[in-house]
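[1] sequence isn't available, so here's the structure alone:
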């Protein structure tokens, strides 16, 4: 893409690229590798990453439950990927803030899956909600709400349109 | 205000958190003031291009700091569990040691409100701050 005005990608082209980007982002993050993150799925404005149960990540030897911090890292990473996938041009994003509610302890031995959805983008900001569960998305372990900002300067065209996502996401074109 | 805190008690608590060991967290005690240290390691990097620390690693570090501080103040053998936390990322974490200190803003009978500040160069330029509620678990 050497043109100053890159041609708008079709949805299919974007998805093909996102499925290359997802594993690259998850596999290229040293801390994600250390925690055993596994890329699962990606779409425009959403991402899913799994974390296998690992005794090294236990938060309390008495309960053998994975540390809340490990779930926090997983939610942060998954939400960041969902934010990146929401912009038409791939840009790095930084977490501005993250709010996490811990609903229950994850079951020892079970893998944890995080599903994130970017429900709104503006020129430089992405708003993302996510849940973490250990098998049943209707019985989450934790949920989160995060705000990301694109980094590297310059503003980006927001790209979350009702067409790209579902009806609850609208673009204001700020 | 703060109870007597000694390094043996802190070490005993950290021993019960494999994840804290995984992050290399160790205590730094000055009087009764506990500062936690997360030494730099290559595997806590989140962005290898910018050499920025993973926000999740810094957050996890702050959660451990809060939980250990609560267990020391409550003289409880069991750990408090996070209920809801808010994390603000103020500055990029650079590839160097990170410090954190927790302040208990309110100690209830069941729930505590805790604020944690994480910094690298100076306490006055925090890289990340966390505040949240933690549910206390009673000793049997």
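    Yep, that arrived. As the structure is a computational prediction, the values presented were derived from the model and not from experiment. Residues are numbered from 1 along each chain as shown, chains lettered A, B, ... in the order given.

[2] tell me which parts of chain B are close to chain A?
    With Cβ under 8 Å from any Cβ of the partner chain as the criterion, chain B meets chain A at residues B:15-23, B:42-50, B:53-57, B:59-61, B:63-64, B:78-79, B:81-89, B:92. Yep, even glycine has a C-beta here, placed from its N, CA and C like the rest.

[3] can you tell me which of the residues you listed are buried?
    B:16-20, B:22-23, B:43-47, B:50, B:53-57, B:59-61, B:63-64, B:78-79, B:81-85, B:87, B:89, B:92 (16 or more other Cβ atoms under 10 Å in any protein chain shown).

[4] low-scoring stretches of the chain, by residue?
    Just so you know, I chose chain A. Along chain A, the model assigns pLDDT under 70 to residues A:1-6, A:152-174.

[5] to clarify, I was referring to chain B.
    For chain B, applying pLDDT under 70 flags the ranges B:1-4, B:138-140.

[6] let's see that with 90 instead.
    Low-confidence segments of chain B (pLDDT under 90): B:1-13, B:31-32, B:47-50, B:72-78, B:109, B:137-140.

[7] quick check, central residue of it?
    Central residue of chain B (Cα atoms, centre = their mean): residue B:65, 1.8 Å from the mean position.

[8] can you give me the buried ones in stretch B:108-120?
    In stretch B:108-120, counting by 16+ other Cβ under 10 Å, buried: B:112, B:114-120.

[9] what does that stretch contact?
    Here stretch B:108-120 makes contact (Cβ atoms under 8 Å, 6 or more residues apart in numbering or on different chains) with B:58, B:61-63, B:65-66, B:69-70, B:80, B:83, B:93-94, B:96-106, B:123, B:125-136.

[10] what subset of those residues is buried?
    Using 16+ other Cβ under 10 Å as the burial test, the contacts of stretch B:108-120 include B:58, B:61-63, B:65-66, B:69-70, B:80, B:83, B:93, B:98-102, B:104, B:126-134, B:136 as buried.

[11] among those residues, which lie within helices?
    If you go by DSSP state H, those have B:58, B:61-63, B:65-66, B:69-70 in helices.

[12] skipping adjacent residues, who's closest to residue A:133 in space?
    Nearest non-adjacent residue to residue A:133, counting by Cβ to Cβ, 6 or more residues apart in numbering or on different chains: residue A:140, 4.7 Å away.

[13] can you count the residues close to the one you found?
    Other residues near residue A:140 number 21, with proximity taken as other Cβ atoms under 10 Å in any protein chain shown.

[14] may I have the secondary structure class of the nearest residue to residue B:137 once chain neighbours are set aside?
    Of all residues not flanking residue B:137 in the chain, residue B:78 sits nearest, at 4.4 Å (Cβ to Cβ, 6+ apart). Taking DSSP: H, G, I helix; E, B strand; the rest coil as the rule, one finds residue B:78 in the coil state.
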